[in-house]
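K.L.:
Below are the sequence and a predicted model for it; my questions follow.
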Amino acid sequence: MTRILTDKKDDIAYIIMNNKENRHDIVFANEFLETLDACISDQTTKSIIITSNDEKNFSQGIDVEWIKTNLKEKNYNIIKEFLYKMNKVFKKIIFSCVPTIAQINGHAFGNGALLGLACDFRFARQDRGFFCFPEVDVGIPFLPSMIEYSKKAINYQYYQEIVFTGKRCTADELEKQGVIVKSGANVEELEGITFDFAKTLDKNRVIYQKLKDRIFANIKEAFEKDKHYIETLDIFA
Ligand SMILES: C/C=C/C(=O)SCCNC(=O)CCNC(=O)[C@H](O)C(C)(C)COP(=O)(O)OP(=O)(O)OC[C@H]1O[C@@H](n2cnc3c(N)ncnc32)[C@H](O)[C@@H]1OP(=O)(O)O
């Protein structure tokens, strides 16, 4: 089954995660990157909306069982390849010359929440789904880049609160904290407000790229720091 689907409406490209909980493993990383590349290469694309077609999940993040099995079998290279590949996905979204929007239609946990934060804008629904960083309980400390790009989307006090408690946040709370632009009461309303917002974006790719490169120079540096943690697999507690 294809893990990622695409659609296009009025020059707005949709990247639609298509595998229920949308857990991240090497297949997810490869397919997502390929799809993202294709959407950005298409010069008619004015903005990209990332969402899922599952009724209750956006993305539950890293497939922890997949990681654990590979660790047990000492398949360290595949884990490293996965982490580097996911970093390419996050970096490509963050530095995209086309605006990126997360349409958070359900649970967004761990890497799934990070997928939302990597985007330029976020929208979420009120009636289903929690936004959560469970790493403190799951035993996965963040890579330096993850911390750095989270700061572009969440105020630092609130970030610490949700990371150190692992609490489950609703769309209402995220809206009050400015993490999302706006929430919708249900999935239909969410799709409507996200689409209406996306339609307003028709930016010049060159200026958009230059702004990103300058505003997010600190994030580029943080990605460099990740190498040490990935090479030593210092990613679990
Ligand atoms: C650096 C990166 C690291 C990583 O990525 S580590 C991996 C991180 N990922 C995880 O740890 C994911 C683990 N997964 C889980 O813990 C669970 O898999 C979920 C919590 C994500 C989902 O559990 P489920 O039982 O399938 O949840 P529900 O059926 O969708 O919801 C449970 C109840 O909560 C209500 N609810 C859901 N969203 C809302 C909302 N936004 N507002 C109010 N209520 C909500 C529902 O209706 C339901 O209730 P009712 O039990 O009565 O039916």
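P.N.:
Sure, I can see it. Since the structure is predicted, the reported quantities are computational estimates derived from the model, not experimental observations.
K.L.:
going forward, measure contacts and count neighbours with C-alpha atoms only.
P.N.:
Noted.
K.L.:
show me where the protein has helices.
P.N.:
Assigned by DSSP state H, the chain shows helices spanning 26-41, 64-72, 76-94, 111-118, 135-138, 144-150, 156-165, 171-176, 187-199, 205-215, 217-231.
K.L.:
Residue 211: neighbour count?
P.N.:
14 (other CA atoms under 10 Å).
K.L.:
hang on, I meant residue 73
P.N.:
Residue 73 is flanked by 9 other residues according to other CA under 10 Å.
K.L.:
The ligand is nearest to which of the helices of the chain?
P.N.:
Across those, the ligand has its closest neighbour in helix 111-118 (3.9 Å, CA to the nearest ligand atom).
K.L.:
pLDDT of that closest one, averaged?
P.N.:
Helix 111-118 carries an average pLDDT of 98.
K.L.:
Over to stretch 162-173?
P.N.:
Stretch 162-173 comes out at a mean pLDDT of 98.
K.L.:
what distance separates the start and the end of that stretch?
P.N.:
Counting by CA to CA, to the nearest Å, you get 11 Å between the two ends of stretch 162-173.
K.L.:
for the ligand, what are the nearby residues on this structure?
P.N.:
Contact residues (CA under 6 Å from any ligand atom) of the chain with the ligand: 56, 60-62, 64, 107, 109-111, 126-130, 134-135, 140, 142, 170.
K.L.:
From residue 108, how far out is residue 163?
P.N.:
14 Å.
K.L.:
Between those two, point out the one with more neighbours.
P.N.:
residue 108 (28 against 18).
K.L.:
That one touches residue 56, doesn't it?
P.N.:
No. Using CA atoms under 8 Å, residue 108 is not in contact with residue 56; the gap is 9.7 Å.
K.L.:
what residues are shared contacts of these two?
P.N.:
residue 129 (CA atoms under 8 Å, 6 or more residues apart in numbering).
K.L.:
Which residue, other than its chain neighbours, is closest to residue 85?
P.N.:
Setting aside the residues directly before and after it, residue 85 is nearest to residue 29 in space (CA to CA, 6 or more residues apart in numbering), at 6.0 Å.
K.L.:
Residue 22 too?
P.N.:
Using CA to CA, 6+ apart, the closest residue to residue 22 is residue 59 (4.7 Å).
K.L.:
Go ahead and build a PyMOL selection from the buried members of the residues of the chain next to the ligand.
P.N.:
Buried residues within these, by 16 or more other CA atoms under 10 Å, are selected in PyMOL with:
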select buried, resi 56+60+61+62+107+109+110+111+126+127+128+129+130+134+135+140+142+170
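K.L.:
what sits against the nearest residue to residue 30 once chain neighbours are set aside?
P.N.:
Nearest residue to residue 30, sequence neighbours excluded (CA to CA, 6+ apart): residue 85, at 7.1 Å. Applying CA under 8 Å, 6+ apart to residue 85 gives the contacts 26, 29-30, 33.
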